[in-house]
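Participant: with the input below, show me the fold.
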Amino acid sequence: MSNRWTVGPRNLITDVPGILVGNADKLSVKSGVTVLSADKAFVASVDVMGGAPGSRETELLAPDKIVEQIDALVLSGGSAFGLDSASGVTDALRQLGRGFQVGPAKVPIVPAAIIFDLMNGGDHQWKTNPYPELGRQAFAELASDFALGSAGAGMGATTGSIKGGLGSASLTLANGAVVGALVVVNPHGHVVVPGTRQFWAAPFEMDDEFGGLGVASAHDASLIPENNKFAAYQKQYGAQANDVPPLGGMNTTIAIVATNAALNKAQLKRLAIAAQDGMSRAIVPSHTPFDGDLIFSLSTAEQPLTGQGDEAMVLGHAAAVCLSRAIARGVYHAEPAAGDTLPSWQQC
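Facilitator: Take a look at the predicted model:
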């Protein structure tokens with residue numbers, strides 16, 4: 001595989017030509033927003049496999065819906081409050097005159113998805129929702145290069161045992177197509193094999209991008225790793241946490257996979273479904289009733305398909321590989337901060 005596929009120059013989703021990503025976060029809140037956009041509108045779809053999703057405008061991404069192109073995608077912390085981050089992005093796009101033409105008006109189309117990060121040690125007692133402004137700030141930061149780990153929507157993300165984060169990875173395929181992934185890693189499950197520092201995604205690692213520790217030599221396949229999020233929160237906040245039920249839904253991993261290959265909405269739906277395999281290879285367990293696991297897929301449609309062979313299947317496999325790697329990279333790059341309820345991978 002390594003002889004046919006290569007890691008992109010940035011190893012970020014922005015290796016897909018035309019795509020830009022911006023982050024904005026607030027350390028005191030331990031939360032943030034990540035925005036993906038492009039120099040022009042793009043085709044997108046979505047697939048949801050988790051049992052507790054939170055999203056905005058995802059229904060219009062179905063193949064049978066009339067909106068063919070969108071203007072941006074938003075990944076946000078903040079649970080339901082974070083969905084308002086898309087409003088800030090919509091305002092910014094409107095000021096640029098971008099959007100879906102409806103009579104005399106242009107309406108920016110900005111689907112969004114959120115994670116639950118309200119019990120991570122941050123100060124969530126704000127009176128004014130910070131997420132619309134964080135959305136505007138993230139849009140203003142759109143660029144080819146962006147931070148991973150404790151940044152943007154990954155600022156307050158956690159896994160079942162350690163801090164999560166914002167991850168990304170890319171691949172250039174033999175035919176010149178580029179595939180990339182962007183992910184906020186906040187699952188109920190674990191990203192490292194219990195009792196080790198080795199990532200479940202290790203078989204898919206390229207160029208020692210998350211430490212090069214290799215595959216764990218042994219593990220108990222029957223072991224369901226314990227989720228420590230609530231216990232860690234309760235330990236830190238004591239009596240303040242006693243009235244909070246140990247919700248299983250303090251989770252969700254949300255992602256975007258992208259390509260320059262010219263795929264329509266139906267093909268992108270299949271790409272998102274295939275990419276879900278990347279999540280299950282990197283998080284154990286994944287797609288639980290307590291997660292809202294969701295993957296957006298998009299195409300900039302710059303490279304036509306040849307119509308020969310198994311191009312769509314190969315793109316789906318590449319998307320899954322990219323997502324597995326991006327998940328591990330998000331946790332690998334997470335940094336410790338004051339008030340954290342869980343340690344970072346770097347501290348383990």
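Participant: ok, longest helix in the chain?
Facilitator: As assigned by DSSP state H, the longest helix anywhere in the chain is helix 311-332.
Participant: now for that one, which elements pack on it?
Facilitator: With contacts defined as 3 or more CB pairs under 8 Å, 6 or more residues apart in numbering; DSSP states H and E, helix 311-332 has these neighbours: strand 165-172, strand 178-185, strand 254-261, helix 265-282. In this view, the C-beta of every residue, glycine as well, is placed from N, C-alpha and C.
Participant: can you tell me which of the ones you listed is most buried?
Facilitator: strand 178-185 (a mean of 31; mean count of other CB atoms under 10 Å).
Participant: now for that one, which elements pack on it?
Facilitator: Checking 3+ CB pairs under 8 Å, 6+ apart, strand 178-185 ends up next to strand 31-48, strand 165-172, strand 254-261, helix 311-332.
Participant: could I get the ones you listed as CSV with mean pLDDT?
Facilitator: As requested, the helices and strands packed on strand 178-185 are exported to CSV (pLDDT from 0 to 100):
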stretch, mean pLDDT
strand 31-48, 96
strand 165-172, 98
strand 254-261, 98
helix 311-332, 96
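Participant: of these, which is nearest Gly8?
Facilitator: Closest to Gly8 of the helices and strands packed on strand 178-185 is strand 165-172 (CB to CB; 3.5 Å).
Participant: and the angle from that closest one to strand 31-48?
Facilitator: Going by axes from the mean of the first three to the mean of the last three CA atoms, to 10 degrees, strand 165-172 is angled at 50 degrees with respect to strand 31-48.
Participant: what's stretch 336-348 in contact with?
Facilitator: 27, 30, 119-122, 150, 158-159, 161-163, 192, 197, 228-229, 232-233, 235-236, 331-332, 334-335 (CB atoms under 8 Å, 6 or more residues apart in numbering).
Participant: buried residues in the helix or strand bottoming out on mean pLDDT in the chain?
Facilitator: Lowest by mean pLDDT, DSSP states H and E among the helices and strands of the chain is helix 229-237, with a mean of 79. Using 16 or more other CB atoms under 10 Å as the test for burial, helix 229-237 gives Lys229, Phe230, Ala232, Tyr233, Gln234, Gln236.
Participant: any idea how far the closest residue in space to the fourth one that isn't next to it in sequence lies from Ser55?
Facilitator: Sequence neighbours aside, Met119 is the residue nearest to Tyr233 in space, at 4.6 Å (criterion: CB to CB, 6 or more residues apart in numbering). Separation of Met119 from Ser55 (CB to CB, to the nearest Å): 21 Å.
Participant: more neighbours, the two?
Facilitator: More crowded of Met119 and Ser55, by other CB atoms under 10 Å: Met119, with 23 against 20.
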